[in-house]
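Trainee: how would this look folded up:
(chains A and B)
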Amino acid sequence: MSTVVIGLDGATHAVLDPLMDVGVMPFLRSFCSEGVRGHLLSTTNPLTPPAWTTLATGCHPGRHGIFDFVRPEPAAYGIYVKLNDARDVRCPTLWDQVSAAGLRVGALNYPLTSPAPQVRGYVVPGFVSARHLRRAVHPPGLYEELAELPEFHPHHLAWDFDTEQKAVQPLDAGEHEGWIRHHIERERQWFTVLEHLMQAQPCDLTAVVFDGVDKLQHLAWPLIDLDSFPEPATAEQERLRGLCLDYFRRLDGYLERIVDRAGPDATTLIVSDHGFGPSYDVFHLNVWLRDAGYLRWTDDGSTAEGADAMFATRHRTQLFDWAHTTAYALTPSSNGIYLTASPGTAAYDRLRDEVIEGLAGVEVVEAVMTREEAYPGDQGRLAPDLTLRLRDQGFVSVVNADAPLRRRPEPRGMHRSEGVVFAAGPGIPAGRTVDACSIADIFPLVLHSLGLEIPAGLDGRLPAQIRSDAPLIGPAASAAVRADGGNGDAELTPDEEEAVFAQLRLLGYME
Amino acid sequence: MTQEQVHSDVVKILDDITYDWDLDFGGGIGPGTWLVADLDFGSLDVVELFVALEDHFGRRFPAQTLLMTEDGNYIEDLQVSELVAFVHGILTGEPG
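Mentor: This next block holds a predicted model:
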């Protein structure tokens, strides 16, 4: 009895179905006939770090505490932006649970797995640069083993943060080919590592994320989505589309070989953290906040779209005039607004209501949620004070611009709530399309497939449309709160934190 | 823990982080070594350094108090001696 979870970051039925129809992904098509397929509903803000963490914990972001790639922390002047890591996840993960049950776990390229958990098995974390990969993998010595693999190249395998920034920037003409080929090679590297480890160190739970699907769809959406593909297309557009199809053809081959190696008795889940679709709107949220009197730039800000790159965030915070800023957006990816007033005060309530009321009149804003609405749970206090949902589900822009709204001449691929789940294995019906389930349901589904108890108190539940046999329910205490509580709060003691806030209030930056 | 012990541990961590970085820098890491100018650190390398320090010393460090200036800007470089003094100050409650 073993389980394989194959993550395809950003995969959507709207892209995969046509690729199966035209014969680019024949294995996935046959896999559908042997199991079930359906929509997998993502987190409130369908974004990689919170969504994969929900899959790995069975809890929504309001409980696991991950809302974005980064989080702001108070500093003596303004804010300090920190990169989230595994220590900030406040709930037990699949890796913890399965390993604690005495089974072996292998996890490759999952976000928020660095520093690597000390599991029985192995972890090669995602979101780690090549420079630090050797030290990031678990167990010690694994990197040296992988380095012996033919054509192993850590710079292709690991995150190149300079390259990944392109996912939120427009590509110059001629850059598409390099971008697509980079991800073709990167997936090949991850597959090579996975295939080696499945043979050399077989695990009860094997999990991998291929994230090129997301990256290609962000920047090459018109080449991948048939509805967006230019008609008539130029020879160059046809050539680049062919390269994109080559990416998916190779990915289909990897899926086949992984499922084949797992064997007929294994449960296999192919899942995405969110879906994808076209986005035309650009909403410059900080420009809107400036025009409404909530934000002031220190100078002219930055009008370059490239400045929306998530790793430019630190520098952007220096562009806010904190003495005259009461509401700001930190990253495009969170779709969030932070308020500088202290929660629980009349000033906070008044400011929040004002901003919500103002945004209600913006045509591209479909919904504005308070953090209690968007992220219920004991960690919701770490979320943005307000979370927006745009009408085309795109990300906001946080850089300066001439006007709050503009429209792109051609669509960019952006995240959607509806991801995918394909599942096959013991106890799973064949050839069925099932009702949508939540990404939080994958955690109990995986534990159940391994014959393990499902802790009570999760946000997810065993999806009866995929496995209808009765689950083993364990005590809530084993999963409701991570045993060590995470150590995200360990940096500042309550006294230290209060001292920082007191200093900010003294300076007039907080109320 | 003395400042000398902290220095020794910090240098071991920096040696381990950078040992396969193909740097031009030679002569060994010491108190006067600059993270950016000598060891080619970028901002994400600093993040990983703090993860390593926090793992080694078993607690989180308020990096912002070391890396940000009083006017909200980020410092451009950091010497090993400053890092050691900061870590030692946090561990002992005696700001360096």
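Trainee: per-residue confidence for residue A:311?
Mentor: pLDDT, residue A:311: 40.
Trainee: and the worst-scoring helix or strand of chain B on mean pLDDT, how far from the chain's centre?
Mentor: In chain B, the helix or strand scored least confidently by mean pLDDT, DSSP states H and E is helix B:64-67, which has a mean of 88. On the basis of CA atoms, centre = their mean, to the nearest Å, helix B:64-67 sits 11 Å off its chain's mean C-alpha point.
Trainee: now that helix: buried residues?
Mentor: B:64, B:65, B:66, B:67 (16 or more other CB atoms under 10 Å in any protein chain shown). From N, CA and C alone the C-beta is placed, and that goes for glycine too.
Trainee: from residue A:85, how far off is the spatially most central residue of chain B?
Mentor: Central residue of chain B (CA atoms, centre = their mean): residue B:83, 4.2 Å from the mean position. Look at residue B:83 and residue A:85: by CB to CB, to the nearest Å, they are 20 Å apart.
Trainee: can you check residue A:116 too?
Mentor: Counting by CB to CB, the separation of residue A:116 from residue A:85 is 10 Å.
Trainee: same check, this time on residue A:23
Mentor: Residue A:23 sits at a distance of 41 Å from residue A:85 (criterion: CB to CB).
Trainee: please identify which of those two sits among more neighbours.
Mentor: Neighbours were counted for residue A:23 and for residue A:85 using other CB atoms under 10 Å in any protein chain shown; residue A:85 has more, 21 against 11.
Trainee: just checking, the more buried one touches residue A:112?
Mentor: Yes: the pair residue A:85 and residue A:112 qualifies as a contact (CB atoms under 8 Å) at a distance of 6.6 Å.
Trainee: ok, which stretches of the stretch 151-300 of chain A are helices?
Mentor: Using DSSP state H, counting those that start in this stretch, the helices of the stretch 151-300 of chain A run over A:154-157, A:161-164, A:176-200, A:212-224, A:235-262, A:285-291.
Trainee: I'd like to know which of the ones you listed is closest to chain B.
Mentor: Closest approach to chain B among the helices of the stretch 151-300 of chain A is made by helix A:161-164 (5.8 Å; CB to the nearest CB).
Trainee: what residues does chain B put near chain A?
Mentor: For chain B, the residues in contact with chain A (CB under 8 Å from any CB of the partner chain) are B:16-17, B:20-21, B:43-45, B:47-48, B:51-52, B:55, B:59-65, B:67-68, B:70-74.
Trainee: can you flag the buried ones in these?
Mentor: B:17, B:44-45, B:47-48, B:51-52, B:60-65, B:67-68, B:72.
Trainee: how about low-confidence regions in the stretch 51-200 of chain A?
Mentor: A:161-173 (pLDDT under 70).
Trainee: whoops, chain B was the one
Mentor: Scanning chain B with the threshold set as pLDDT under 70 gives B:95-96.
Trainee: the lengthiest strand in chain A pairs with which strands, and in what direction?
Mentor: Scanning chain A for the strand with the most residues, using DSSP state E, yields strand A:405-416. In the sheet, strand A:405-416 lines up against strand A:275-283 (antiparallel) (DSSP bridges).
Trainee: quick one: the partner strand to helix A:212-224, angle?
Mentor: 70 degrees (axes from the mean of the first three to the mean of the last three CA atoms, to 10 degrees).
Trainee: ok now strand A:275-283, how far from the chain's centre?
Mentor: For strand A:275-283, the distance to the chain centre is 16 Å (CA atoms, centre = their mean).
Trainee: just stretch A:383-401 next, same as before
Mentor: Here stretch A:383-401 is found 16 Å from its chain centre; the criterion is CA atoms, centre = their mean.
Trainee: buried stuff in it?
Mentor: A:383-390, A:392-401.
Trainee: just those residues: which are in strands?
Mentor: A:386, A:387, A:388, A:389, A:390.
Trainee: from memory the first one sits against residue A:370, does it?
Mentor: Yes: the pair residue A:386 and residue A:370 passes the contact test of CB under 8 Å, sitting 6.4 Å apart.
Trainee: mutual contacts of the two, please.
Mentor: Residues touching both residue A:386 and residue A:370 by CB atoms under 8 Å, 6 or more residues apart in numbering or on different chains: A:352, A:356.
Trainee: re earlier: switch the buried residues of helix B:64-67 over to a markdown table; also include distance to residue A:250.
Mentor: Converted to a markdown table, these look like this (distance: CB to CB, whole Å):
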| residue | distance to residue A:250 |
| --- | --- |
| B:64 | 43 |
| B:65 | 48 |
| B:66 | 45 |
| B:67 | 42 |
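Trainee: can you tell me which of these is nearest chain A?
Mentor: Nearest to chain A, judged by CB to the nearest CB, of those is residue B:64 at 3.5 Å.
Trainee: skipping its backbone neighbours, what lies nearest that closest one in space?
Mentor: residue A:80 (3.5 Å; CB to CB, 6 or more residues apart in numbering or on different chains).
Trainee: hmm, who's touching the helix or strand containing the one you found?
Mentor: Residue A:80 is part of strand A:79-83 when elements are defined by DSSP states H and E. Contact with strand A:79-83 is made by A:69-74, A:313-314, A:317, A:330, B:44, B:47, B:63-64, B:67-68, as judged by CB under 8 Å, 6+ apart.
Trainee: show me which pair in these is furthest apart.
Mentor: Longest distance between any two of these is 22.1 Å, between A:74 and B:44; criterion CB to CB.
Trainee: backbone dihedrals for the residue of chain B most remote from its centre, both of them.
Mentor: Distance from the C-alpha centroid of chain B, by CA atoms, centre = their mean, peaks at residue B:71 (21.6 Å). For residue B:71, the backbone dihedrals (degrees, to the nearest 10) come out as phi -100, psi 10.
Trainee: what does the one 5 residues further on give?
Mentor: Dihedral angles phi and psi of residue B:76 (degrees, to the nearest 10) take the values phi -90, psi -20.
Trainee: pretty sure it sits against residue B:36.
Mentor: Yes: Residue B:76 is within contact range of residue B:36, at 6.9 Å (criterion: CB under 8 Å).
Trainee: okay, these two: which has more neighbours?
Mentor: Using other CB under 10 Å as the criterion, residue B:76 and residue B:36 rank with residue B:36 on top: 15 against 9.
Trainee: is that one within a helix or a strand, and which one?
Mentor: Short version, using DSSP H and E: residue B:36 is in no helix or strand.
Trainee: is it true that it touches residue B:79?
Mentor: No: applying CB under 8 Å, one finds residue B:36 not in contact with residue B:79, separated by 10.1 Å.
Trainee: what pLDDT, on average, does stretch A:401-408 get?
Mentor: Rounded to a whole number, the mean pLDDT of stretch A:401-408 is 93.
Trainee: run a quick neighbour tally on residue A:349.
Mentor: Residue A:349 - counted by other CB under 10 Å - has 12 other residues nearby.
Trainee: got the contact list for it?
Mentor: Contacts of residue A:349 by CB under 8 Å, 6+ apart: none found.
Trainee: Three-state assignment for it, please.
Mentor: The three-state label given to residue A:349 by DSSP: H, G, I helix; E, B strand; the rest coil is helix.
Trainee: now it: how far from residue A:343?
Mentor: 9 Å.
Trainee: next, the residue nearest to residue B:3 when sequence neighbours are not counted: phi, psi?
Mentor: In this structure, residue B:3 finds its nearest non-sequential neighbour in residue B:88, 4.7 Å apart by CB to CB, 6+ apart. The phi and psi torsions at residue B:88 (degrees, to the nearest 10) take the values phi -60, psi -40.
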